[in-house]
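Enquirer: Sequence first, predicted model second:
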Amino acid sequence: MSKPLSFNTIEIIKATIPVLQQHGVEITTRMYERLFADPEIKALFDEAAQKTGEQPRRLAEAILIFATHVDNLEVIQSALEKICARHVARHVKAEHYSAVATALLAAIRDVLGDVATDSVLQAWGEAYWFLADILIDREKALYASQPAGV
């Protein structure tokens, strides 16, 4: 289990909510462009949802919801459970999370430029890994509960 997020990180994440509302889809679209340089990772995603823009919109919405409730994740527990189930169905593994982190943080910098200060990127890196650890742990349990051969 991850150590709790620092008060400073929570404050920075919450302060970025207006930026996420304005630029979230642009950030996630750029993140997927970076992420899909790896064909193995690209194969994990629904290509149709990428072409329609549904996947970047869904992720931008999820990031915004996370930022809004970063100090009370119990509120979004059912949404996190659905994400984990989707990840397991698509065969997402723990090792994929580092590529997503790299692509996401770089996309934030790409889209926001100088607004994405080192402290903002550090806070989002900490918050990303905090959430990723939660998802990875739950997904590990879901994989373990599957019948052999699935």
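Expert: Arrived safely. Numbers count the residues shown, from 1 in each chain.
Enquirer: State the distance from residue 41 to residue 12.
Expert: Distance, residue 41 to residue 12, by Cβ to Cβ, to the nearest Å: 28 Å. Using the backbone N, CA and C atoms, a C-beta is placed for each residue, glycine as well.
Enquirer: any chance you could map the helices in the protein?
Expert: Using DSSP state H, the helices of the chain run over 7-15, 17-35, 39-42, 47-52, 54-68, 77-89, 96-112, 118-145.
Enquirer: As TSV, the ones you listed with mean pLDDT would be great.
Expert: Listed next are these as TSV, based on pLDDT from 0 to 100:
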stretch	mean pLDDT
helix 7-15	97
helix 17-35	97
helix 39-42	92
helix 47-52	87
helix 54-68	96
helix 77-89	96
helix 96-112	97
helix 118-145	97
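Enquirer: okay, these in CSV with mean neighbour count next?
Expert: Putting those into CSV (neighbours: other Cβ atoms under 10 Å) gives the following:
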stretch, mean neighbour count
helix 7-15, 16
helix 17-35, 18
helix 39-42, 11
helix 47-52, 12
helix 54-68, 18
helix 77-89, 15
helix 96-112, 18
helix 118-145, 16
